[in-house]
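# need a structure here:
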Amino acid sequence: MMNTLSERTGRPLLPQAALVAIGMAVTVGAALAFEHVGGFIPCALCLEQRTPYYLGIPVMLAAALSAGLKGPALLTRGLMLVGGALMLWGLYLGGHHAGVEWGWWAGPADCGVVAPTETGGRSALDALDAFVPPACDQAAGRFLGLSFAGWNVVASAILAGLAFRFALARPKG
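Predicted coordinates:
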């Protein structure tokens, strides 16, 4: 009796779920590297775009675990669908932020403008209180015409497509 998705499709889902989890980890890891190594300070929308990845990585690891333990196909498939849906949410968040950067619509009111933070004789804590994060409508940079938000749209679309393709694979034969 074939009860796991990998047995019905003839494809092992463990590496597929792990591939999507790794793709999510690499994407959010790159964002963290640009922030902590490259010195790019994320705006409020940049930080919000990371949420689907922070939720999606454990979901896809759970899908990989379910596939590895030959769990019920419904569980493995469902977890992969949730991972794909999270990446669709990431695609939306990245598209929204890119639209704000291009001036197609307004960003949230809580996105400030970059301001220098001189202590001016105040304590370091007072200077931190005066810090205003980067504006959401100004791209920190562009590579091949896309900002970080635009590249998040690309990554999210690819990861969503993979997760859905793997989850909805038809049985062979």
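# any chance you could map the helices in the chain?
5-9, 13-36, 44-49, 51-68, 73-101, 124-130, 148-167 (DSSP state H).
# indicate which one of those is closest to residue 108.
Closest to residue 108 of the helices of the chain, according to C-beta to C-beta: helix 44-49, at 6.3 Å. In this view, the C-beta of every residue, glycine as well, is placed from N, C-alpha and C.
# mind listing residues that contact the closest one?
Outside helix 44-49, the residues that touch it by C-beta atoms under 8 Å, 6 or more residues apart in numbering are 31, 90, 93-94, 96-97, 100, 107-108, 110-111, 133, 136, 148-149, 152.
# shaky segments in the chain?
1-12, 112-133, 171-173 (pLDDT under 70).
# which residue is nearest the middle of it?
In the chain, the residue lying closest to the centroid (C-alpha atoms, centre = their mean) is residue 53, at 3.8 Å.
# OK, contacts around that residue?
24-25, 27-28, 86, 90.
# could you flag which of the contacts of helix 44-49 are buried?
31, 90, 93-94, 96-97, 100, 107, 111, 133, 136, 148-149, 152 (16 or more other C-beta atoms under 10 Å).
# I'd assumed residue 159 was in contact with residue 24.
Yes - counting by C-beta atoms under 8 Å, residue 24 touches residue 159, with 6.1 Å between them.
# list residues touching both of the two?
With C-beta under 8 Å, 6+ apart as the test, residue 24 and residue 159 both reach 56, 83, 87.
# what is the nearest of those residues to residue 63?
Nearest to residue 63 among the shared contacts of residue 24 and residue 159, with distances taken as C-beta to C-beta, is residue 83, at 6.5 Å.
# how many other residues sit next to that closest one?
Residue 83 sits with 30 neighbouring residues when counted by other C-beta atoms under 10 Å.
# hang on, it packs against residue 161?
No - Residue 83 is beyond contact range of residue 161, at 11.5 Å (criterion: C-beta under 8 Å).
# before we move on, back to that, quick one, which of the contacts of residue 53 are buried?
With burial judged by 16+ other C-beta under 10 Å, the buried subset of the contacts of residue 53 is 24, 27-28, 86, 90.
# is it possible to get TSV of those residues that adds distance to residue 140?
Listed next are the buried ones among the contacts of residue 53 as TSV, based on distance: C-beta to C-beta, whole Å:
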residue	distance to residue 140
24	21
27	16
28	16
86	24
90	18
